[in-house]
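In: Fold the following and give me the result.
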Amino acid sequence: MKIDLAKPKKVHFIGVGGIGTSALARMFLLQGKQVSGSDRDESEITKELAKEGVKISIGQKAENIQKSIELVIYTIAIPDDNPELVRARELGIECVTYPQALGALSEEKYTIAVSGTHGKTTTTAMIAKILIDGKKDPTVVVGSLMKGTNFIAGKSKYLVAEACEYKRSFLNLSPKILVITNIDDDHLDYYKDIEDIKSAFRELALKVPKNGYVVCDLEQPHIADVVKNLESTIIDYELFEDQNLNLKIPGEHNIANAGAALAVADILTISRKQAEKSLEEFSGTWRRSEFKGALSNGAQIYDDYAHHPTEIKATLKGFREMLNGKNLTVVFQPHLYSRTKHHLTHFGEVFTDADTVILAPIYPAREPHDPSISSDMVAERIRTHGVTAMSMPSFDAIENHLRQSLNSSGDVLITMGAGDVYKIAENLLYYSNVKK
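Out: Prediction:
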């Protein structure tokens, strides 16, 4: 199906608050199109989009779809019986998923696609900064916020895009350079097992043309099977890693992400000196080891999107190295019943760099309630590894506890998870500042 993104003048997004859909909404706005969108709940993203000119509807209902709309773009989390999607199809409006729309943009560009189970957002943002600083003027679609936005409109041929593996959505892209940060078992509500996940990455790698490049770490698990016998050039980003790089964001995993970004810079003939300068100035993205502020008593507050055991372990190891013996409290909100159940044992093992872990209720997202798994069970597993851990029934209860326990500049809090746990950090800081 050929999708013409230039033709429609009036575009509607179902699930406009999503990090990907909101990026494309910004793109269409900048092109002078009329943009509307709906979401189940108001968020910082929907508020910002409204300020920028998107007509936002909170709540999804058929009447949000007007006959004058020429294109509907929807997140793949939207079910087929969504009232807006049903109405749009009844009216004969062209309806495409976000990955399909991004794929249409990718076909028009020299695409640098950044894939992987962990680290793809940070790596995408690192590559984007290197290209921007190197005067390559790229278009950028990133799964977080860089300096307040997840979309940068460039005028050159280059597109830097985060490539999400969920439901094989990244297969819509047409990469000339494919970065694979790593491959791990995730999204097992969709994939059958790690072999199924590898098959998706293999299919993506085969899309890279003969004159293209696949950037990966050949020592990483599962990578060899994915890249064997490719016609494209394979670049091992481990060869570009530099332990002496003075990054502002902590952790060995970010040294690896920087190595991948340096490999891409080398392919695009951006000097090593220029690329390293860009990386050393890189201050991270929204919800990736993000410093939120300090309470009036000096306690420091951070927020991080980590929600898979591998990500959690790497993130906390980086923080422990950075904190010089400070007391580290983690508030973790498990994401999805299926993920929590599958990784329960691993969740118990990966919090050993924390002093205290507080479990919020599981964030269900797209899943129905599953009484066979709970945050209490995660806390119990964490305690077996010698870490103080407790489960609390609500954000209010957690915030009340933290107001008593975070009482000095020697205390550090990280809110962690892919749901809305960041609100705890924001509420603590807001009320601390109000009291001042």
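
In: Which helix or strand lies directly C-terminal to the helix or strand bottoming out on mean pLDDT in the chain?
Out: Of all the helices and strands that make up the chain, the one with the lowest confidence by mean pLDDT, DSSP states H and E is strand 139-146; it has a mean of 75. Helices and strands here follow DSSP states H and E; after strand 139-146, the next one along the chain is strand 149-152.

In: Check which strands are paired with the very next helix or strand once past that following strand and give the direction for each one.
Out: Following strand 149-152 in sequence order, the next helix or strand is strand 158-162 (DSSP H and E). Each strand pairing with strand 158-162, determined using DSSP bridges, is listed with its direction: strand 110-115 (parallel), strand 139-146 (parallel).

In: what secondary structure does Y430 sit in?
Out: Under DSSP: H, G, I helix; E, B strand; the rest coil, the three-state class of Y430 is helix.

In: Just want the angle from the one helix or strand A23 maps to to strand 158-162.
Out: Under the assignment given by DSSP H and E, the secondary-structure element containing A23 is helix 19-30. Comparing the axes of helix 19-30 and strand 158-162 via axes from the mean of the first three to the mean of the last three CA atoms, to 10 degrees yields an angle of 150 degrees.

In: hey, where'd the strands end up in the stretch 151-300 of the chain?
Out: Under the criterion DSSP state E, counting those that start in this stretch, the stretch 151-300 of the chain carries strands at the ranges 158-162, 175-180, 213-216, 233-236, 290-294, 300-304.

In: Out of these, which gets nearest to G417?
Out: Each of the strands of the stretch 151-300 of the chain was scored for nearness to G417 using CB to CB, and the closest is strand 300-304 (8.4 Å). Quick note: C-beta positions are derived from backbone N, CA and C, even for glycine.

In: average pLDDT across the next helix or strand after the closest one?
Out: Stepping forward along the backbone from strand 300-304, the first helix or strand reached (DSSP H and E) is helix 309-323. Per-residue pLDDT over helix 309-323 has a mean of 87.

In: so how far does stretch 7-21 reach from one end to the other?
Out: By CA to CA, to the nearest Å, the extent of stretch 7-21 from end to end equals 18 Å.

In: roughly how far out does that stretch sit from the chain middle?
Out: Here stretch 7-21 shows a centroid-to-chain-centroid distance of 18 Å under the convention CA atoms, centre = their mean, to the nearest Å.

In: Buried residues, it. List them.
Out: Taking 16 or more other CB atoms under 10 Å as the basis for neighbour counts, the residues of stretch 7-21 that come out buried are P8, V11, H12, F13, I14, G15, V16, G17, G18, I19, G20, T21.

In: V387 is in contact with V350, isn't it?
Out: No. No contact is recorded between V387 and V350 when judged using CB atoms under 8 Å, the distance being 10.0 Å.

In: When those two are compared, which one has more neighbours?
Out: The residue with more neighbours, out of V387 and V350 and counting by other CB atoms under 10 Å, is V350; that gives 24 against 20.

In: my guess is the more buried one meets K317, correct?
Out: No. Between V350 and K317 there is no contact under CB under 8 Å: 9.3 Å.

In: end-to-end on stretch 8-25?
Out: Separation of the first and last residues of stretch 8-25 by CA to CA is 13 Å.

In: now that stretch: mean pLDDT?
Out: The pLDDT scores in stretch 8-25 average 93.

In: Stretch 399-410 now?
Out: The average pLDDT within stretch 399-410 is 92.

In: what are the ranges of the helices in the stretch 301-436 of the chain?
Out: If you assign secondary structure with DSSP state H, counting those that start in this stretch, the helices in the stretch 301-436 of the chain sit at 309-323, 337-342, 344-349, 375-383, 395-405, 422-435.

In: where in the stretch 1-150 of the chain is pLDDT low?
Out: Where the stretch 1-150 of the chain drops to pLDDT under 70, the residues are 1, 143-148.

In: residue boundaries of the strands in it?
Out: Remark: strands of the stretch 1-150 of the chain, listed N- to C-terminal, are 10-14, 34-39, 55-58, 71-74, 94-97, 110-115, 139-146, 149-152; assignment by DSSP E, counting those that start in this stretch.

In: Take these and write them to a markdown table, including distance to A161.
Out: Supplementary listing: these in a markdown table, determined by distance: least, CB to CB, whole Å:
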| stretch | distance to A161 |
| --- | --- |
| strand 10-14 | 17 |
| strand 34-39 | 20 |
| strand 55-58 | 24 |
| strand 71-74 | 15 |
| strand 94-97 | 15 |
| strand 110-115 | 6 |
| strand 139-146 | 5 |
| strand 149-152 | 10 |
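
In: Which of those sits closest to R339?
Out: The minimum distance between R339 and these falls on strand 139-146, with 17.5 Å, by CB to CB.

In: Identify the bridge partners of the nearest residue to Y302 once chain neighbours are set aside.
Out: With CB to CB, 6 or more residues apart in numbering as the measure, I414 is the residue that lies nearest to Y302, at 4.7 Å, once sequence neighbours are left out. Here I414 shows beta-bridge partners Y302, V330, assigned using DSSP bridges.

In: ok, now how distant is I414 from A314?
Out: I414 sits at a distance of 13 Å from A314 (criterion: CB to CB, to the nearest Å).

In: neighbour-wise, which of these two wins?
Out: The neighbour count for I414 versus A314, taken as other CB under 10 Å, is higher for I414 (26 against 21).

In: Could you check how far the more buried one is from T352?
Out: From I414 across to T352, the span is 14 Å (CB to CB).

In: Repeat that for N246.
Out: N246 is 27 Å from T352, where distance means CB to CB.

In: what about those two, which has more around it?
Out: In this comparison of N246 against T352, neighbours counted by other CB under 10 Å, the higher total goes to T352 at 15 against 9.
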